[in-house]
Each structure stands twice: as C-alpha cells, then as structure tokens.
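Curious how this folds, go ahead:
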Amino acid sequence: MAIREFVPQVLPGSTRSLAGGVPSAPPGTIFALAADGGFAVPPRKFTIHFGRGKDDVHVPIGVNDPHVSRLHGMLVCDGRDWWIRNRGKLPIQLPGEVMLLSGHELPIEPGYTPLLIGPSKRRAHLLEIHLVDSPSTDADSGQHSRTKAPDVYELSLVERLVLTALAQRYLRQERYPQPVSWNQVADDLNRLPDGRQWTSKIAAHIVGAVRERLAEGPDPIPGIRREDGVGDPVGNTLNHNLIQALLRSTTLMPSDLHLLGEDPDVAGQRGD
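Just a heads-up that it's a prediction; the model follows:
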C-alpha cells in the first residue's frame, strides 16, 4: 500500500488488541492502542500524544487514574524513524524491565511492543504499539483533574546523594544499566566540592541501611535483602532491585543527577 493511500486515522472501536497483528499499512506506519482508543499514522513528520487528557490526546490512557499525566508521552516521527518520549511523572515500563524515565526518549523497534504506565503499587495501564516493518503485517471522569504525584519512599539528602551515584547509569538511561562499583561511588562523591570524605565502605553502609529500612515497614520492597532468596552476585542484584523500585516509584529521577554536578537534560538526551 502506498503511503499517500494511508492517512492518519482513529482506530475503529472494535479494535481490541494489536498483539495479533494490524491491518494492511505501508512500512513505517505506527499503530497505538489503549483501553479508551487508538490511532495510526504512516511515516511522516507527526506527533501522537497519549495520556489521561482524553479530549487533548490522540490515544487516551488511564483516563480515570490521577497518577497518569494528562499528557504522559508522545510518539514522534521525524519523517522516517519513530521515537517514544516520556513527558509524564511516572516511568513507562518497556519489555525486559527497561524503563523510560521522565524527560527521556527511546527509538521504537519494528513489530509489537507492549508498554505499561502506572505506579508500582497499583494496576498499570497497557499501551500497545505496533510499528509496521514490511508490506505484509502480522496477522472522561477525572481527565481534567490535577495529576496526582506517585507515592515515594522517604530518603535523607545523604541517602539520595549516595543512591544517585550508585544509580547514575539508570538515571542517564543507559542500555542494560547496572549499579556502579562502590569505589566509583566514593570517587564520584569525593569530587564534589562539599569537602566530605567518602569511602566505599561508608557508601555501602548507607545503602545497606536503606535496603534494610525499605524491606520492612508498611510498603516493603521485595528482593533487597539477602534472606529474600536472591542469587549471586548478591550485592549487585540487591542494589539493582532497590534502584528499580526507587525508579518505578519516582523516588529517584533523572533530575537528581544535579547532585553529582551533571545537567540532567544533557545526560538524558536519547540515552541509547
């Protein structure tokens, strides 16, 4: 099908899922679908908006959930390639435990991609995306209210500083991030002009105390203590699980990189 024969269009209300395939469309056409509607656009300079504001977006999602932003994100095409950009407060969960954090963007791969939006303590909302890569394809209430901030875990300034250093690869939206070493945490913190002296043991002790505290209490985080049955390498896995929970709850955000003297906007540009 020629691109000129396929125009941007609202998906029929009978469209239940994109997992089983999409209608015939030119290569590079993107389909997006959520519970309250969907939209499709061929490859051209175009921006698809999605979020809670049903009257102001192409794809409404989480219409009655105040945790979802009115404009939570965009699917942007430069004329050839499609990107997903997170404009909301909550991260967008991609397959393989990849999270697209607020203010970041990632390229969209051809084929079917399910995305989840929602706080870690509540039901998430599904946003389905299908990007056509060949001529043959595989088979109101609450929307104007103020976006509710997600529930976050309390951290002291020192704890936030150390955890930001530990989670810096995640906050920069690097691919396949892992916690940095304790020696690097100490080195990065010792470069700050506050005059405090850091060691790897001090940094590890502070994060260990955070893990112990957040593994208990009214809303415990699983998988961050040794007795949780986590396999080797234990320390790295425990810290990874902790960082993931702090990112999902927006307790840690890319803006925290300013504590290390970085510009979050520069650090977060197309973090691939």
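
Going along the chain, name the strands of this protein.
Remark: strands assigned in the chain by DSSP state E are 9-10, 30-34, 37-41, 45-51, 59-60, 73-78, 82-86, 92-94, 98-100, 105-107, 111-117, 125-131.

Determine which of these approaches residue 198 most closely.
Closest to residue 198 of the strands of the chain is strand 98-100 (CB to CB; 27.6 Å). All C-beta atoms are positioned from the backbone trio N, CA, C, and that covers glycine.

isn't residue 48 right up against residue 72?
No - Residue 48 lies out of contact with residue 72 (CB atoms under 8 Å); the separation is 11.9 Å.

Counting neighbours, go ahead and name the busier of the two.
Shown here are residue 48 and residue 72; by other CB atoms under 10 Å, residue 72 has more neighbours (27 against 23).

Run through the residues that contact that one.
Contact partners of residue 72, counting by CB atoms under 8 Å, 6 or more residues apart in numbering, are 50, 51, 52, 61, 62, 86, 87, 88, 90, 92, 117.

let's see 7 Å
Contact analysis of residue 72 by CB atoms under 7 Å, 6 or more residues apart in numbering lists 50, 51, 52, 61, 87, 88, 117.

Give me the neighbour count for residue 167.
Residue 167: 26 neighbours (other CB under 10 Å).

Chain neighbours aside, what residue packs nearest to it?
Sequence neighbours aside, residue 243 is the residue nearest to residue 167 in space, at 4.4 Å (criterion: CB to CB, 6 or more residues apart in numbering).

What is the least confident helix or strand in this protein?
When the helices and strands of the chain are scored by mean pLDDT, DSSP states H and E, helix 264-267 comes last with a mean of 50.

per-domain residue ranges of the protein.
Recorded structural domains for the chain (assignment: automatic domain parsing) are 3-131, 157-267.

most tightly surrounded among these?
Counting by mean count of other CB atoms under 10 Å, domain 3-131 has the highest mean neighbour count of the domains of the chain, with a mean of 18.

bridging residues for the spatially most central residue of the chain?
A centroid search over the chain (CA atoms, centre = their mean) returns residue 100, at 2.6 Å, as the residue closest to the centre. Note on residue 100: beta-bridge partners by DSSP bridges are residue 92.

if I read this right, it contacts residue 92, doesn't it?
Yes - using CB atoms under 7 Å, residue 100 is in contact with residue 92, at 4.3 Å.

which one of the contacts of residue 72 sits closest to residue 164?
Distances from residue 164 to those, taken by CB to CB, are shortest for residue 88, at 20.9 Å.

Who are the contact partners of residue 49?
57, 58, 71, 74.

cool, residue 182 as well?
Shown in contact with residue 182 (CB under 7 Å, 6+ apart): 200, 203, 204.

Equivalent analysis for residue 241, please.
Residues near residue 241 by CB under 7 Å, 6+ apart: 223, 224.

Report pLDDT for it.
Looking at residue 241, its pLDDT is 93.

next one: residue 236
85.

Give me the nearest residue to it, chain neighbours excluded.
Spatial nearest neighbour of residue 236, chain neighbours left out: residue 179 (6.1 Å); criterion: CB to CB, 6+ apart.

mind checking pLDDT for residue 204?
Looking at residue 204, the pLDDT reads 96.

Kindly provide the distance from it to residue 188.
Using CB to CB, to the nearest Å, one gets 14 Å for the distance from residue 204 to residue 188.

for residue 16, same thing?
49 Å.

What of residue 158?
For residue 158, the distance to residue 188 - CB to CB - is 14 Å.

One more: residue 194?
From residue 194 across to residue 188, the span is 12 Å (CB to CB).

Is it possible to get TSV of the domains of the chain that adds distance to residue 151?
Below are the domains of the chain laid out as TSV (distance: least, CB to CB, whole Å):
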stretch	distance to residue 151
domain 3-131	6
domain 157-267	6
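
Mean pLDDT lowest where, among those domains?
Among the domains of the chain, domain 157-267 scores lowest, at a mean of 87.

And that domain, how far out from the chain middle?
Mean C-alpha position of domain 157-267 versus that of the full chain (CA atoms, centre = their mean, to the nearest Å) differs by 17 Å.

Thank you kindly, that will do.
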